[in-house]
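Asker: Could you look at this predicted model? Sequence included:
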Amino acid sequence: MRNCPKYESCSAPVCPLDDSPYKRVLLKEDPTCTYLTESVKDGAETRFKGSGLGWLYEKVVRAIPHLISRYPRIRDALKRAKQSGSRMVRRVPTKKIKTGVTA
């Protein structure tokens, strides 16, 4: 789990990189792993590989069948995630710099 790029900031109790995800308790209000939801979207493999996270994609995809069989809430979250666009490709707006020069 410590290899996850979001390890320090993630609050999802069930992690696809966890060696024992079945020992975790998942409450209704708990978040779902960002990389789980990203992995089910169209073009996910390409985005992960393009971000240098191909290894993470492979691990997450292998974990999905086991996690959705154990946690129906994750199954439902992944179904919803397929309907939306990827957050991995959203751009951060660039900050406009005032130069003080007028035309």
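Answerer: Sure thing, it's come through. Residues are numbered from 1 along each chain as shown.

Asker: shaky segments in this structure?
Answerer: Low-confidence segments of the chain, defined by pLDDT under 70: 90-103.

Asker: longest helix of it?
Answerer: Secondary structure of the chain per DSSP state H: the longest helix is helix 54-70.

Asker: Who are the packing partners of it?
Answerer: Contacting helix 54-70 under the criterion 3 or more C-beta pairs under 8 Å, 6 or more residues apart in numbering; DSSP states H and E are the following elements: helix 34-39, helix 44-50, helix 72-81. Heads up, the C-betas are built off the backbone N, CA and C, glycines and all.

Asker: so which of those helices is the most packed in?
Answerer: helix 34-39 (a mean of 22; mean count of other C-beta atoms under 10 Å).

Asker: that older thread, generate JSON lines for the helices and strands packed on helix 54-70, with distance to residue 66 as supplementary columns.
Answerer: As requested, the helices and strands packed on helix 54-70 are arranged in JSON lines below (distance: least, C-beta to C-beta, whole Å):
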{"stretch": "helix 34-39", "distance to residue 66": "12"}
{"stretch": "helix 44-50", "distance to residue 66": "18"}
{"stretch": "helix 72-81", "distance to residue 66": "10"}
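
Asker: Identify whichever of those helices lies nearest to residue 28.
Answerer: For the helices and strands packed on helix 54-70, the distance to residue 28 is smallest for helix 72-81, at 6.9 Å, taking C-beta to C-beta.

Asker: which outside residues touch the closest one?
Answerer: Under the contact criterion C-beta atoms under 8 Å, 6 or more residues apart in numbering, helix 72-81 has outside partners 14, 26, 28, 30, 32, 36-38, 40-41, 64, 67-68.
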